[in-house]
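Visitor: Quick one: sequence and predicted model below, then my questions.
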Amino acid sequence: MALNSDSLARRTIRAARAMRAHPNGTLLFAQLALVIGYPFLDGSTAGRAVLGVVQLAVVFSALRSVRSASTVTWFALVIGFPCMVFAVWETVAPTTDWVVLVSAALHVPFYLFVSYALIRYLFHDDTVTRDEMFATAAAFTVVAWAFAYAYAAVQVVWPGSFGEERAWFDLLYLSFTTLTSVGLGDFTPVLDHARSLVVLEQVAGVFYVALVVSRMVSLAVTRRVRSE
């Protein structure tokens, strides 16, 4: 029993060190874990609240790794913590329009700021680290979250934007299929305002691959050629 406890403690320490060394990797895998976990907890108000708070907490931990500490502190105080409040509030009152709107008004700029900070982190030098590779994927998922909240606001302001009213997880699914341009969504925007937003996300997805992913791949190939 003592040996097992000691082994568990060592594994916990190694995991904690890995999380500190690769905060953006933690963000990426946490985002994907939340996507997988959401269907299991969606039926519980408490479960959805936990998912929302954990999501923002993980984002905050990754945001601390980028090189803009003063900006992060200011943004966390002004928008980040109210986001946590409304992440819980929205799970308690998911059909209250003003709560959904305020939540979206907070979450969209917050997630867009996080994606900007991560991309800025990626472009700060010409060296590709493992954590920067994680940040490339993490920034992409964060953009998807931002547009999902934007879609939630659109269907409140313009009812019927996506046909019938869609649950938030449906909108997240639409956001990922739009951003990746795979076209696997089982519903589409119906009204013009929703279609405009979808077009913006399609453009964002194409430019992300063209500018960010291509740059990281180019730097990685260049480093490999130089090492040879």
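Guide: Everything's here; your move.
Visitor: ok, which stretches of this structure are helices?
Guide: Taking DSSP state H as the test, the helices found in the chain are 2-21, 23-41, 45-63, 69-75, 81-92, 97-122, 130-157, 168-179, 192-207, 214-227.
Visitor: which of those helices has the lowest average pLDDT?
Guide: Ranked by mean pLDDT, the helices of the chain bottom out at helix 2-21, with a mean of 53.
Visitor: Spatially central residue in the chain, please.
Guide: Val142 (2.4 Å; CA atoms, centre = their mean).
Visitor: Could you double-check that that residue sits in contact with Ser115?
Guide: Yes - when contacts are counted by CB atoms under 8 Å, Val142 is listed as touching Ser115 (4.6 Å). C-beta coordinates here come from the backbone N, C-alpha and C atoms, glycine included.
Visitor: what about Val212, distance to Ser161?
Guide: Taking CB to CB, to the nearest Å as the measure, Val212 falls 29 Å from Ser161.
Visitor: Neighbour count: these two, which is higher?
Guide: Using other CB atoms under 10 Å as the criterion, Val212 and Ser161 rank with Ser161 on top: 22 against 19.
Visitor: Mind pulling up the pLDDT for the more buried one?
Guide: Reported pLDDT for Ser161: 95.
Visitor: Quick check on it: phi, psi?
Guide: The phi/psi pair for Ser161 (degrees, to the nearest 10) reads phi -60, psi -30.
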